[in-house]
Each structure stands twice: as structure tokens, then as C-alpha cells.
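**Q** Build me a structure from this.
(chains A and B, ligands or ions: 2)
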Amino acid sequence: MRVVVCVKQVPNPEIAASQFRVDEQAKTVVPVPGVALVMSPFDEQAVEAALRLRDRGHDVTITVVSMGTESARAVIKHGLAMGADDGVLLVDPAFEGADSYATALALSRAIGKIGGVDLVLAGRQAADWDAGVVGAGIAEMLGWPLVSFARELRVDGRAARVERMLDEGTEIIAAELPAVVTVSNELGAPRAPTLRETMRAGRKPVAVWSVADLGLETGEVGAQGARCMRERLFIPEKRSRCEFVEGGSPREQAANLARRLREAKLV
Amino acid sequence: MADARGVLVVAELVQRRPSRLTRELLGLARRLAREAGGPAAAALLGDAGEETAQELIAYGADAVYVAAHPGLAEYHSEAWTAYVAHISREAAPAAILIGHGAAGGDLAPRLAFRLDTAVATGCVEARVEGGRLLFTRPCYGGNAREVVSFRTPPAVATFRAGACGAASRDGTRRGEVRHVLLDAGAAARRTRVVERKRDDAGGTRLEDARVVVAGGRGLNGPEGFRLLERLAQLLGGAVGASRVPCDLGWCPRSWQIGLTGRTVTPELYIAVGISGAGHHMAGCGGAGAIVAVNTDPEAAIYRDARYGVVGDYQQLLPPLIEEIERFNSRDRQAAS
Ligand SMILES: Cc1cc2nc3c(=O)[nH]c(=O)nc-3n(C[C@H](O)[C@H](O)[C@H](O)COP(=O)(O)OP(=O)(O)OC[C@H]3O[C@@H](n4cnc5c(N)ncnc54)[C@H](O)[C@@H]3O)c2cc1C
Ligand SMILES: Nc1ncnc2c1ncn2[C@@H]1O[C@H](COP(=O)(O)O)[C@@H](O)[C@H]1O
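**A** Numbering: from 1, shown residues only, chains lettered A, B, ... in the order given. Ligands and ions are numbered 1, 2, ... in the order given. Okay, the predicted model is just below:
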């Protein structure tokens, strides 16, 4: 079975709010020195979901695919070090400024070019723009079923059996393959690369494809192919107006808080 | 869809009634439709029937497209996408508004691609400026906000709770009900729901609660939630959590509030042992007042909080509960 995992490189999303900066003019996020570029966390869990299929005894070939700049090679390497078999890096200046639509177009073409793919895994959302769109877009462009927000993935013959998160519970969906599944944090922690896999990763093949390799025109991808336009980017203002409730003891503090809440008619 | 007009809301029901979020979206749809021109319409899928369609009209819909089919009562990705795409083509709106939950998060992007357009997810604001629709949404884990516009109609957008006040009900409003029939076809049979497990909701739904008491890693274990439950019960509220206790199994997964969890807009949000990461605040920043209980006076949560108490929750919550119980019994005595 051939599994493709779509992985995106993002600035470490655990960055402290106080460090975060944007360039309002350019409508871009300012890179902070010392903040690492990492594989988006849900994508790491999507790689983990693929590896668990192998752990359960399925014969899977796992390809990690990333569209980005040359630096995205690092997240492909990370996927390979986790245990994926090979990688595809989509790099081309024309990919720059892509929205979810243009991204899904490039990735779905790459999946077509890889060929014979049974299952595509993506993160529920990339931890930069937090969109949660590309997985569904790939499914629609390929005409495959989609199961989103997976917390568990199994394969049973020619169907994926996915437990997906609901607002107030979960449901198990059986989806005919080929299909697209997006992975949520409820899947659990991804494995760390072992020394052995990291050594082997250096020898695993990574293909590099351009817009032309995907049979696309430069006008269809990147900023030119985008259907959403960013008009503004800003950091929301916080008017700090916290009233600290004091007291000589925790009991007194609690009593003072209760009184303040009562005065404000909140309790 | 060159002459796209008006706004379409995909209705979400709770016990056959439009959810609070749907009522908010109807209010938003009316405002946008007024500014951009065209009607406010709603898509109603499932087996709820005429009465629910009339409810949607009372809350602001000029027209309701009803797809009455028991198979649509629960969200089903393939079937819902097919039906809502069909209704969207018929209604040809300039914008489609959908709630940002497990159903909307699945439906909206698929729908957008099927209609050959784009989507803005998790929006907190929408407005018309110079004839163009603009949508504001948090990104970068709540650290930033972006405003986006669309090059292609219709604009598909999902909204978090609290983006707009709920529409008020007006039972005298009249609207048109149109029935939609469609064979969702073979595609709908590619996926099948094998099983559905609901967390036993017990009390008030998080989204509808006037008070939410939420716990984080600072509870240091599942027992802390018993204390939170007592406080919530006393205040007629519901219990929520940051992602950490959900991931650690201290509480049900469905209690998660935040960017990838639920969005709540209670009058009072009591955050206990929660540091206040942007990812968490994305789900509760719209609360009327936030009370933060934390041992660390530097915790980020105090920048969002209205009231702060610095200290150990295990020492603070029991006397807080006692104090509120005392208020309540005094109220009861005064009333009798
Ligand atoms: C892409 C992405 C999406 C995410 N989505 C979400 C989401 O939807 N929801 C969410 O919540 N998180 C989400 N997170 C995680 C988020 O970044 C934070 O890691 C998380 O919210 C922290 O949870 P916390 O505040 O409970 O824990 P911590 O940050 O560890 O804070 C614990 C707090 O408890 C305090 N404390 C300790 N002991 C006590 C005590 N005895 N009494 C009182 N206070 C005490 C500490 O001072 C500290 O401030 C996401 C992360 C990523 C990367
Ligand atoms: N540039 C990219 N390269 C590879 N995968 C991507 C890229 N952008 C998005 N994805 C995948 O699509 C998921 C959802 O992304 P998004 O819709 O941007 O939030 C991510 O978690 C990735 O799995």
C-alpha cells in the first residue's frame, strides 16, 4: 500500500506571544532569530499514523511530500528519520504566495505524479495560518473521499477505518480507498527519530519537482493561482485591565474574589 | 455564479432547534445581505421538518432550502457536501456562512473546492467594504489576525461562536420554504458511519453555558476536575479544559477549548491552572469576563483576564465554593 503524507514547514508554533512580530506593510510574519522551523505538529502526527499502519503489519511505502522553499528539505528529512521511505520536495519560485487552493492544486498533482497512491494523510491544519483546508482540497481535486480530524486510523482490506473527532464524541467511518484522511492531535504523540533511522534517512531518495514537472503553468500556482487574498495582517491589541484580588490568606483571597464577582453580578 | 447575491447560512441544529451559533450566523447574514444586497437564506438538512424551517425564518432567513431526508440528520461528509453544493448553486449567494465545528470544519473546505472557490475558516468577523466582503480570522495560534478577501464567488467561511450577537426571534416574519431533492449518488456511499460514540453530555452544553470553569495542566491530575465540577454545578455552568488535560486523559476529549477545540462565549470564564497560550485563548477570548487562578503571577492569562487570583487552586477553590454557597443560601432565605 502506498501512503503519501503531506508535511509543511512552519515556525515553531509554541513561540511566546511576546516574541511574535508581523510586518503589516508586507503582510508577512517576521522570522524571529532562534525560533526554529519545524514540521507542523499535526503533520508529524500524520507521519506517525502512517508508521503505525506499518507497526500493525501492513506493507506500506510512505512518501513525505512538502511544498516550500529549499529549507523544507529539513522536514522531509525529519519524516524520513521518523521512518518514511522517500520524499518529494516541491520547490519553485512560482509556488510562493500560494493560498490553500494553489497549495492543494500542486500537492494533488504531485500525488497524481507519484502514482498508485492508496491513502493521503495530512494534518488537520498547518500551525502557521491555521487554515485546515488543504487536506479537503486534495480530496476534492482527486475526487476521493475525505475523513477529517482522525484520532485513530486503521486499514481493513480496501477501506480505511477512521475514528474521527466530533464536537461531543467520536465516530468511526469506513472509507473506500483511495482516500484522504486528516489527522488531529488526539492521535497521540509522534515518535522521535532514532539514531538508526536518522543515519538511514541520509540515503533515502528525495525527488525535487518544479511547477513544470507537475504539468502546471506558473499562472496556476503560488500567488497567481490564489483565490484568497490577504488584505491585512496584524497583532490583535490586548487591553490589559486585570484586577488582582489580594488577601492575607487564600481563604481571604477567595472571599474577596467571590465578593467582587457578586458585585459584578457574575455569580 | 457571476450574479451572486445574498448570503446562505448552513443551519446546525441542537435538538431540532437552530443552535446558538446558527442564530448568530443568521444575524450576521442579515447584516451582510443588507449591506451587500440580496436575501438571507438558510440550508436545512435532515429530518427536522417544517417547524424548524419556520424557526429559521423567525430568526432572519428570507428563504429556507430544505433537504428532508433522515439520512442527512447526522452530518455525513459526502452527502452533506453534495446537498449543500446543490443548494448553493440554486441559491447562488455571494457568501456561505457555516459554524466552525467538527461538521463545518469538514464541510466548508470541501464545499469551497466543489464550487471552485476559496474558504476562510474560523472567522471572528465579516464586513462589507467598498462592495467587497472581508473576513477576519485568527492565525498563528491566535498570535495574529488576518483579513482576507475572495477573488472568486461565493465566499465560503466558517465562524467561531461570538462573532456576532444572535438574531432576535420574530415569529411574525414570513419567508419562503423550498424543498430540494437530490440523489447524492454513488459518491455518498463511499463512506459509511460504522459507529458513533457520544460523550454523555450530562449538564449544560459548553456552547450554551453562562459560566464555564476550565482546568489546565496546573490541576496536576484528574482529581482537580472534581473541584471544578462542584464549582460549575454551583454556578449552573459547564466544565471545560485546555488541551493538556485532554491529551493526558484527565478529562473527556470533548472538553477541549481553543483553536482546535470548542469556542465558548460565556458571561464568566474561570480558568484554573491554565497559562493562557494563544491556542487556548482562541476558544475563550470572547468571554464576557475571565477569572484566572494561577500560581504564576507572570502567566500570560492575566493579560486576558478581568480578575486575577495568584495562588494554588487547591487552597483557593474550596473557600471560593463555600463563599458562593453562602451567597446562594442567603439568596434563598431572602426569597422565602
Ligand atoms: C497547533 C496547536 C494547536 C493547539 N490547540 C490548542 C487548543 O485548541 N486548546 C488548548 O488549550 N491548547 C492548544 N494547544 C496547546 C497550547 O499551545 C498550550 O500548550 C496549552 O494550551 C497549555 O495548556 P495549559 O495552560 O493547561 O498548560 P501550561 O501552559 O503548562 O500551564 C499550566 C499553568 O498552571 C499553573 N499552575 C501550576 N500549578 C498550579 C496550581 N497548583 N494552581 C494554580 N495554577 C497552577 C502554571 O503556573 C501554568 O501557568 C495547541 C498547540 C498547538 C501547537
Ligand atoms: N506547503 C505544504 N506542503 C505540504 N503539505 C502541506 C502544505 N500546506 C498544507 N499542507 C498539508 O495540508 C494540511 C492542512 O494545511 P492548511 O490547510 O494550510 O491548514 C497540513 O497539515 C499539511 O498536511
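
**Q** Show me where chain B has its helices.
**A** B:20-36, B:50-58, B:77-91, B:104-114, B:224-234, B:243-247, B:278-281, B:313-335 (DSSP state H).

**Q** ok, and for the fifth one, which residues are buried?
**A** Along helix B:224-234, the positions that meet the burial threshold by neighbour count (16 or more other Cβ atoms under 10 Å in any protein chain shown) are B:224-225, B:227-234. Using the backbone N, CA and C atoms, a C-beta is placed for each residue, glycine as well.

**Q** want to try CSV for those, with distance to A:Ala189 as columns?
**A** CSV is the format used below for these (distance: Cβ to Cβ, whole Å):
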residue, distance to A:Ala189
B:Gly224, 22
B:Phe225, 22
B:Leu227, 28
B:Leu228, 25
B:Glu229, 28
B:Arg230, 32
B:Leu231, 31
B:Ala232, 30
B:Gln233, 33
B:Leu234, 36
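
**Q** Out of these, which is nearest to chain A?
**A** Chain A lies nearest to B:Leu234 out of the buried residues of helix B:224-234, by Cβ to the nearest Cβ, at 8.5 Å.

**Q** on that earlier part again, out of the buried residues of helix B:224-234, the closest to ligand 1 would be?
**A** Of all the buried residues of helix B:224-234, B:Gly224 has the smallest distance to ligand 1: 8.2 Å, by Cβ to the nearest ligand atom.

**Q** pretty sure the closest one is in contact with B:Gly215, am I right?
**A** Yes - using Cβ atoms under 8 Å, B:Gly224 makes contact with B:Gly215 at a distance of 5.7 Å.

**Q** Overlap of the contact sets of the two?
**A** Overlap of the contact sets of B:Gly224 and B:Gly215 (by Cβ atoms under 8 Å, 6 or more residues apart in numbering or on different chains) consists of B:250, B:272-273.

**Q** of the buried residues of helix B:224-234, closest to B:Ser168?
**A** Of all the buried residues of helix B:224-234, B:Ser168 sits closest to B:Ala232, with 28.3 Å by Cβ to Cβ.

**Q** just checking, that closest one touches B:Val239?
**A** Yes - using Cβ under 8 Å, B:Ala232 is in contact with B:Val239, at 4.8 Å.

**Q** hey, what's in contact with both of the two?
**A** Joint contacts of B:Ala232 and B:Val239 (Cβ under 8 Å, 6+ apart) are B:212-213.

**Q** Tell me who's in contact with the residue nearest to A:Ala122 when sequence neighbours are not counted.
**A** What sits nearest to A:Ala122 in space, not counting adjacent residues and going by Cβ to Cβ, 6 or more residues apart in numbering or on different chains, is A:Gly135, at 3.6 Å. Applying Cβ under 8 Å, 6+ apart, one finds that A:Gly135 lies in contact with A:6, A:120, A:122-124, A:146, A:148, A:180-182, B:109.

**Q** And the residue nearest to B:Thr81 when sequence neighbours are not counted, how far from B:Leu56?
**A** Leaving out its chain neighbours, the residue that sits closest to B:Thr81 by Cβ to Cβ, 6+ apart is B:Arg110, at 4.6 Å. Separation of B:Arg110 from B:Leu56 (Cβ to Cβ, to the nearest Å): 23 Å.

**Q** next one: phi and psi at A:Glu263?
**A** Backbone torsions for A:Glu263, taken as degrees, to the nearest 10, come to phi -60, psi -40.

**Q** number of nearby residues for it?
**A** The number of residues packed near A:Glu263 is 9, by other Cβ atoms under 10 Å in any protein chain shown.

**Q** which ones are touching it?
**A** If you count contacts by Cβ under 8 Å, 6+ apart, A:Glu263 has none.

**Q** And the pLDDT at it?
**A** Confidence at A:Glu263, expressed as pLDDT, is 96.

**Q** Tell me which residue in chain B sits closest to ligand 2.
**A** Residue of chain B nearest ligand 2, by Cβ to the nearest ligand atom: B:Pro109 (7.4 Å).

**Q** ok, for that residue, nearest residue in space, not its chain neighbours?
**A** According to Cβ to Cβ, 6+ apart, the nearest residue to B:Pro109 is A:Ala136 (3.6 Å).

**Q** Correct me if wrong, but that neighbour is in a helix.
**A** Yes - under DSSP: H, G, I helix; E, B strand; the rest coil, A:Ala136 falls within a helix.

**Q** what pLDDT does it get?
**A** Reported pLDDT for A:Ala136: 98.

**Q** now swap in B:Ala2 and tell me
**A** Looking at B:Ala2, the pLDDT reads 46.

**Q** go on, B:Gly49?
**A** 83.

**Q** Next, the contact list for it, please.
**A** By Cβ under 8 Å, 6+ apart, B:Gly49 lies in contact with B:Ala68.

**Q** need the contact list for the residue of the stretch 1-150 of chain B found nearest ligand 1.
**A** Closest to ligand 1 within the stretch 1-150 of chain B is B:Gly141: 5.8 Å, counting by Cβ to the nearest ligand atom. By Cβ under 8 Å, 6+ apart, the residues touching B:Gly141 are A:13, A:127, A:130, B:259, B:277-279, B:282.

**Q** cutoff 10 Å now
**A** By Cβ atoms under 10 Å, 6 or more residues apart in numbering or on different chains, B:Gly141 lies in contact with A:13-15, A:17, A:20, A:127-128, A:130, B:258-260, B:277-282.

**Q** Now the buried members of those.
**A** Neighbour-count burial (16+ other Cβ under 10 Å) applied to those gives A:13, A:15, A:17, A:20, A:127-128, A:130, B:258-260, B:277-282.

**Q** nearest to ligand 1, of those residues?
**A** Lowest distance from ligand 1 to those (Cβ to the nearest ligand atom) belongs to B:Gly258, with 2.3 Å.

**Q** Ligand 1 versus the residue nearest to the closest one when sequence neighbours are not counted, what's the distance?
**A** In space, and not counting its chain neighbours, B:Gly258 is closest to B:Gly283: 3.9 Å by Cβ to Cβ, 6+ apart. The span separating B:Gly283 from ligand 1 equals 6 Å under the rule Cβ to the nearest ligand atom, to the nearest Å.

**Q** B:Trp255 is in contact with B:Gly283, correct?
**A** No - using Cβ atoms under 10 Å, B:Gly283 is not in contact with B:Trp255, being 11.0 Å away.

**Q** Compare neighbour counts for these two and give me the winner.
**A** The neighbour count for B:Gly283 versus B:Trp255, taken as other Cβ under 10 Å, is higher for B:Gly283 (28 against 25).

**Q** Report the contact partners of that one.
**A** Counting by Cβ under 10 Å, 6+ apart, B:Gly283 touches B:142, B:160-161, B:206, B:212, B:214, B:240, B:242-243, B:256-265, B:269.

**Q** OK, contacts around B:Tyr75?
**A** For B:Tyr75, the contacting residues are A:166-167, A:171, B:12, B:45-46, B:101-104, B:106-107, B:193, by Cβ under 10 Å, 6+ apart.

**Q** For the chain, give me the ranges with low pLDDT.
**A** No chain was given, so I picked chain A. Across chain A, nothing is flagged by pLDDT under 70.

**Q** The intended chain is chain B.
**A** Counting by pLDDT under 70, the ranges of chain B that qualify are B:1-3, B:201-202.

**Q** middle-most residue in it, spatially?
**A** Nearest residue to the geometric centre of chain B (Cα atoms, centre = their mean): B:Ala161, 4.0 Å.

**Q** What's the separation between that one and A:Pro250?
**A** Taking Cβ to Cβ as the measure, B:Ala161 falls 34 Å from A:Pro250.

**Q** Tell me who's in contact with B:Gln54.
**A** B:Gln54 makes contact with B:61, B:64, B:171, B:173-175, B:177, according to Cβ under 10 Å, 6+ apart.
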